[in-house]
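>>> give me the fold of what follows.
(one chain, ligands or ions: 1)
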Amino acid sequence: MSRYQGARLSTLSPYTPGEQPRDAKYVKLNTNESPFEPSEKAQKLAAEAAGRLQLYSDPTCRVLVDKLAEVYGVDADEVIVTNGSDEVLDFAFQAFCDEDVSARFPDITYGFYPVFAARNGIPYETVALRDDFTIDIEQYFGVGKTIFIANPNAPTGIALSRDEIEQILIHNKDNVVVIDEAYVDFGGESAVPLIKKYDNLLVTQTFSKSRSLAGGRLGFGIGNRELIADLHTVRYSTNPYNVNSMTAAAGYGVLCDEDYTRANCRTIIENRDYTTAALRELGFRVLDSKANFVFATTPAMHGADLYAALKQNGILVRHFDSPRISDFVRISIGTREQMQTLVDVVEKLLTEV
Ligand code: PMP
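Okay, the predicted model is just below:
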């Protein structure tokens, strides 16, 4: 820390990203990436865009935004694209919260929410998940605060139905409700169809998971055009060129290959079902996941020990050293071979304890 650091930064605990080892030593099941490479069209268009990098990117990302609007059945001014969905979430904190309008989100959820709040000087409160790790939607009724809910939630993988999201919207007419759908393509129900009915709904999604573009950094928000205009105000006050032209081209390419995305999602769901059943067979408690990961715990080993033992055996998963969930590990769903390896190693470890 330098002696010049401002007061707000000095009290900030930054977000800790999952490990990104640069060798291929590990079966990498720790950051919920797709095990499949980006669609061919995405790769081809990104490579072509590389030859035009002397030019600034289009700050409106017109081609990509129009394509997203077509795919999601909304108007182009109801869409904003960002540098990963982390950025649209950050913009939402800046646009819809301040010292007087605080944020509310679950105690166990995406670890970046408290960081966005703190970095932007926004007060926030957390609401405990129930003992079974589900969200009690009534805790979000009529609270007069900006609500952030990951659906499916992370790292539990548990999803709310669209009807439950609608209940939250009905009871929050005067404040914004942000539904973070980073993992919705793996069996969740998207709230996007509700944006025409509720002008206080912002849905955020990402190309990092189902669309295999985590390294490209591409996310988006869909909501009422006035909400989107507010997010553009933040964007144009931060970085109008927030999505680079190679990524915008890749994003457009993926959207032209929706069959590829859908097929990959089906495979991940099958592999998730396989992994869930196999771990339960080995005595694990595995939460019902609608995401591309499972959250699992075994009475035989503490979460930190299981994480370390798996790492020693060449498998990287994620462990969160936080109250209520430190007994669990989060396991991203990869190819069937990767999941088979995981199950085999877990089985071996359990015979050793
Ligand atoms: N929301 C949730 C719930 C996440 O787990 C993640 C991934 N870490 C994100 C948003 C952000 O993902 P990205 O910035 O890659 O779109």
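>>> who in the stretch 101-250 of the chain is up against the ligand?
With CB under 6 Å from any ligand atom as the criterion, the stretch 101-250 of the chain comes near the ligand at residues Tyr110, Ala150, Ala154, Asp180, Ala182, Thr206, Ser208, Ala214, Gly219. Placement of C-beta: from N, CA and C, glycine included.
>>> how about 5 Å then?
Tyr110, Ala150, Ala154, Asp180, Ala182, Thr206, Ser208, Gly219 (CB under 5 Å from any ligand atom).
>>> so what pLDDT did the fourth one get?
Confidence per residue is given as pLDDT, and for Asp180 that number is 99.
>>> show the contacting residues for it.
Residues near Asp180 by CB atoms under 8 Å, 6 or more residues apart in numbering: Ser85, Leu89, Tyr110, Phe148, Ile149, Ala150, Asn151, Thr204.
>>> the last one too?
Contacts here follow CB under 8 Å, 6+ apart; on that basis Gly219 touches 81-88, 204-208.
>>> just flag the most distant two among the residues you listed.
Across the contacts of Gly219, the two members that end up farthest from each other (CB to CB) are Asn83 and Gln205, 13.9 Å apart.
>>> comparing those two, which residue is more hemmed in?
Taking neighbours as other CB atoms under 10 Å, Asn83 and Gln205 compare with Gln205 leading, 26 against 20.
>>> and that one, that one's in a helix?
No: applying DSSP: H, G, I helix; E, B strand; the rest coil, one finds Gln205 to be strand, outside a helix.
>>> for it, name its beta-bridge partners.
Under the criterion DSSP bridges, Gln205 forms beta bridges with Phe220.
>>> my read: it touches Ile222, true?
Yes: in this structure Gln205 lies within contact range of Ile222 using CB atoms under 8 Å: 7.4 Å.
>>> and the strands in the protein?
Ranges of strands within the chain are 27-28, 79-82, 103-106, 124-127, 146-150, 177-180, 201-206, 219-223, 285-286, 293-297, 315-316, 328-332, based on DSSP state E.
>>> point out the most buried one among those strands.
Of these, the one with the most neighbours on average (mean count of other CB atoms under 10 Å) is strand 328-332, at a mean of 29.
>>> CA atoms only for that strand, dumped as CSV, please.
C-alpha atoms of strand 328-332 as CSV (Å, rounded to 0.1, in the frame of the first residue of the first chain):
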residue,chain,number,x,y,z
PHE,A,328,-18.3,-27.3,0.7
VAL,A,329,-16.3,-27.3,-2.5
ARG,A,330,-17.6,-25.9,-5.8
ILE,A,331,-16.9,-28.1,-8.7
SER,A,332,-17.3,-26.7,-12.2
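>>> that strand - contacts with which helices or strands?
Here strand 328-332 touches strand 293-297, helix 303-312, going by 3 or more CB pairs under 8 Å, 6 or more residues apart in numbering; DSSP states H and E.
>>> is that strand in proximity to the ligand?
No: using CB under 5 Å from any ligand atom, strand 328-332 stays clear of the ligand, with a minimum separation of 9.8 Å.
>>> check what contacts that strand and list those residues.
Residues from elsewhere that reach strand 328-332 (CB under 8 Å, 6+ apart): 28-33, 155, 275, 292-297, 303, 306-307, 310, 317-320, 342.
>>> kindly report the same for stretch 338-353.
Contacts of stretch 338-353 (CB under 8 Å, 6+ apart): 27, 29, 35, 271, 274-275, 278-279, 282-283, 298, 300-301, 306, 309-310, 313-315, 331, 333.
>>> quick one: buried ones out of those?
The neighbour count (16 or more other CB atoms under 10 Å) marks 27, 29, 35, 271, 275, 278-279, 298, 300-301, 306, 309-310, 313, 315, 331, 333 as buried among the contacts of stretch 338-353.
>>> list the contacts for the closest residue to Arg130 other than its chain neighbours?
Computed as CB to CB, 6 or more residues apart in numbering, the closest residue to Arg130 that is not its neighbour in sequence is Asp136, at 5.6 Å. Taking CB under 8 Å, 6+ apart, we find Asp136 in contact with Val127, Leu129, Arg130.
>>> the longest helix seen in the chain vs strand 328-332, what angle?
In terms of residue count, the longest helix belonging to the chain (DSSP state H) is helix 258-281. On the basis of axes from the mean of the first three to the mean of the last three CA atoms, to 10 degrees, helix 258-281 is oriented at 150 degrees to strand 328-332.
>>> packing partners for helix 258-281?
Counting contacts by 3+ CB pairs under 8 Å, 6+ apart, helix 258-281 is packed against strand 285-286, strand 293-297, helix 336-352.
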